[in-house]
Each structure stands twice: as structure tokens, then as C-alpha cells.
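**Q** only the shape, not the letters, is given here:
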């Protein structure tokens with residue numbers, strides 16, 4: 001089976017950083033893969049997910065164990081992929097969503113954040 005790492009080209013720094021995380025076994029609770037379209041963000045995310053969940057303890061996943069197969073088929077229960085929503089009809093990528101909130105909505109959001117996290121102080 002082809003390994004996803006083989007399809008990620010010109011991203012040696014990213015691959016090396018992910019390999020360091022893999023070797024340390026100190027996995028962060030979330031990793032954000034960000035960049036231009038077509039640079040391999042999704043492939044790197046899938047490959048790394050397979051690497052840390054593969055039954056073979058190697059940075060290069062086997063691709064055939066149940067974990068690797070369930071990740072490849074998007075059926076692995078402990079991985080969440082989050083994608084941005086498409087822009088609205090009259091929106092640009094520079095629009096600030098907080099600017100669109102009414103003062104009442106902003107106050108409600110602030111109080112909700114403060115209830116969930118008492119350390120959070122909004123200005």
C-alpha cells in the first residue's frame with residue numbers, strides 16, 4: 001500500500017517537525033495544518049494521524065492495520081477534521097466576524113466565555 005508521506009513533496013521542514021513530535025511521544029491535543037491550497041495539509045494530517053495510531057511503531061505507517069485503514073476511510077473515532085466555512089455572498093477573507101455582532105450579542109458572548117473560563121477577562 002502506498003504511504004501518504006511519499007506524496008508530500010517540498011515539505012521537509014513540516015515532515016521533520018512532525019517526526020520530532022512522533023519520536024518524543026508528547027503529542028499535542030490538536031495540530032493546526034495551515035497553508036495555501038495544494039501544499040499537502042490534508043495529506044500530512046492523514047499521514048501523521050496514521051503514524052501515531054499505527055500498530056507498527058514507526059513514523060512511516062503500515063497502511064494496512066485496522067487503525068490505518070479506519071483513518072484512511074474517515075472512520076477512526078478519535079480524529080476530528082475541522083474545515084473553515086465558505087465565505088458568505090458579500091464577505092471577504094479580511095472581514096472580522098466580531099464586527100457583525102450587535103452589542104447585546106457581544107455582551108452575551110463575553111458573559112458565556114467568562115462563565116466557562118473564570119480566568120478569561122474580556123475588555
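**A** Now that the structure is in, tell me what you want to look at. A quick note: this is a predicted structure, and the numbers were derived from the prediction, not measured.
**Q** all contacts plus neighbour counts: C-alpha atoms, from now on.
**A** Will do.
**Q** quick one: buried residues of the helix or strand where residue 68 lies?
**A** Using DSSP states H and E, residue 68 sits in helix 66-72. Using 16 or more other Cα atoms under 10 Å as the test for burial, helix 66-72 gives 67-69, 71-72.
**Q** what do you get for stretch 82-100?
**A** Result for stretch 82-100 [16+ other Cα under 10 Å]: no buried residues.
**Q** and it, end to end?
**A** Its first and final residues considered, stretch 82-100 spans 23 Å by Cα to Cα, to the nearest Å.
**Q** just the helices in the protein please.
**A** Counting by DSSP state H, the chain has helices at residues 12-24, 41-53, 66-72, 103-116.
**Q** starting at the chain centroid, how far to the third one?
**A** Translated: helix 66-72. With Cα atoms, centre = their mean, to the nearest Å as the basis, helix 66-72 stands 17 Å off its chain's centre.
**Q** what helices or strands is it leaning on?
**A** helix 41-53 (3 or more Cα pairs under 8 Å, 6 or more residues apart in numbering; DSSP states H and E).
**Q** what does the helix it packs on contact?
**A** Contacting residues not belonging to helix 41-53 are listed as 3-5, 7-8, 15, 18, 22, 33-35, 57-61, 63, 67-68, 71-72, 79 [Cα atoms under 8 Å, 6 or more residues apart in numbering].
**Q** at the geometric centre of this protein, which residue do we find?
**A** Centroid-nearest residue in the chain: residue 32, 4.1 Å away (criterion: Cα atoms, centre = their mean).
**Q** any low-confidence regions in the protein?
**A** 1-4, 117-123 (pLDDT under 70).
**Q** quick one: residues contacting residue 98.
**A** residue 106.
**Q** relative to residue 106, how far out is it?
**A** Separation of residue 98 from residue 106 (Cα to Cα): 8 Å.
**Q** next one: residue 53
**A** 41 Å.
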